[in-house]
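J.: Fold the following.
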Amino acid sequence: MPLDFTAIDFETANSSPASACSVGLVRVRNGEVVATAGWLIRPPAGHDEFQEWNVRIHGIRPQDVLTAATWIEQFDRLCDFAGADVLVAHNAGFDLKVLRTAAAVTELVCPPYRSLCSLQVARKVYDLESYRLPLAAAAAGFAEFSHHDALADARACAQIVIDAARRTGAGDVHELAAGLSLRLSEPPALVAEVQAA
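T.: Numbers count the residues shown, from 1 in each chain. Now for the predicted structure:
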């Protein structure tokens with residue numbers, strides 16, 4: 001199987017994992033970036049307050065999302081871009097929680113995405129003082145990007161996994177994960193089914 005996946009990154013308006021205000025998506029096919037997309041999101045009602053700390057990090061303000069598509073309006077577009085790919089993110093637990101929580105609070109059914117964490121990959125492949133995204137991406141040959149811009153962050157995540165696969169000789173994300181003694185995370189429903197069996 002080829003090295004195919006979609007890298008994803010969310011920025012949030014506040015501490016609620018449902019408060020997605022921006023997303024970046026990067027599609028990789030056979031180890032090459034073939035498509036990118038990113039857009040602002042109006043967070044779901046009740047999760048749409050912008051906290052100063054978050055604004056300071058990513059620079060997105062309430063007025064910036066006034067005319068943006070709502071979470072519900074953009075959800076199909078996001079899922080169509082990702083398809084059935086494994087999702088890659090730096091600290092994937094956070095980004096998958098944003099995806100699943102925002103879907104849950106808006107009563108949407110989230111596809112059963114599996115994920116691979118580029119932070120965990122970086123810790124296995126590089127010897128760094130810190131594995132924060134800018135430093136890990138630089139080790140992968142992707143330096144000088146706009147950190148906390150969702151699309152730039154997704155592109156950096158993609159580069160880490162592409163570089164790690166090249167360094168380890170892995171042909172796809174499954175082989176990469178297995179070779180690094182990592183596991184692709186499964187969707188919560190699937191995990192519950194497996195535990196019940």
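J.: can you pull out the helices in the chain?
T.: 52-58, 71-82, 92-105, 118-125, 133-139, 150-168, 173-179, 188-196 (DSSP state H).
J.: what is the rounded mean pLDDT of stretch 3-12?
T.: Average pLDDT, stretch 3-12: 98.
J.: Likewise for stretch 32-52?
T.: For stretch 32-52, mean pLDDT is 97.
J.: Find the centremost residue of this structure, please.
T.: Centroid check for the chain by C-alpha atoms, centre = their mean gives residue 8 as the closest residue, at 2.8 Å.
J.: out of the helices of the chain, which comes closest to residue 33?
T.: Among the helices of the chain, helix 150-168 comes nearest to residue 33, with 6.1 Å by C-beta to C-beta. In this view, the C-beta of every residue, glycine as well, is placed from N, C-alpha and C.
J.: elements contacting the closest one?
T.: Packing contacts for helix 150-168, counted by 3 or more C-beta pairs under 8 Å, 6 or more residues apart in numbering; DSSP states H and E, involve strand 5-12, strand 20-29, strand 32-40, strand 87-89, helix 118-125, helix 133-139, helix 173-179.
J.: Now with 6 Å, please.
T.: Taking 3 or more C-beta pairs under 6 Å, 6 or more residues apart in numbering; DSSP states H and E as contact, the helices and strands that helix 150-168 lies on are strand 5-12, strand 20-29, strand 87-89, helix 118-125, helix 133-139.
J.: Now stretch 150-169 - C-alpha only, PDB.
T.: The C-alpha trace of stretch 150-169 is given here as PDB (Å, rounded to 0.1, in the frame of the first residue of the first chain):
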ATOM      1  CA  ALA A 150      -4.200  25.500  10.800                       C
ATOM      2  CA  LEU A 151      -3.200  24.800   7.200                       C
ATOM      3  CA  ALA A 152       0.500  25.500   7.900                       C
ATOM      4  CA  ASP A 153       0.400  23.200  10.900                       C
ATOM      5  CA  ALA A 154      -1.300  20.400   8.900                       C
ATOM      6  CA  ARG A 155       1.400  20.800   6.200                       C
ATOM      7  CA  ALA A 156       4.100  20.500   8.900                       C
ATOM      8  CA  CYS A 157       2.500  17.300  10.300                       C
ATOM      9  CA  ALA A 158       2.300  15.800   6.900                       C
ATOM     10  CA  GLN A 159       6.000  16.500   6.300                       C
ATOM     11  CA  ILE A 160       7.000  14.800   9.600                       C
ATOM     12  CA  VAL A 161       5.200  11.600   8.600                       C
ATOM     13  CA  ILE A 162       6.500  11.700   5.000                       C
ATOM     14  CA  ASP A 163      10.100  12.200   6.300                       C
ATOM     15  CA  ALA A 164       9.700   9.500   9.000                       C
ATOM     16  CA  ALA A 165       8.500   7.000   6.400                       C
ATOM     17  CA  ARG A 166      11.400   7.800   4.100                       C
ATOM     18  CA  ARG A 167      13.900   7.500   7.000                       C
ATOM     19  CA  THR A 168      12.500   4.200   8.200                       C
ATOM     20  CA  GLY A 169      11.600   2.700   4.700                       C
END
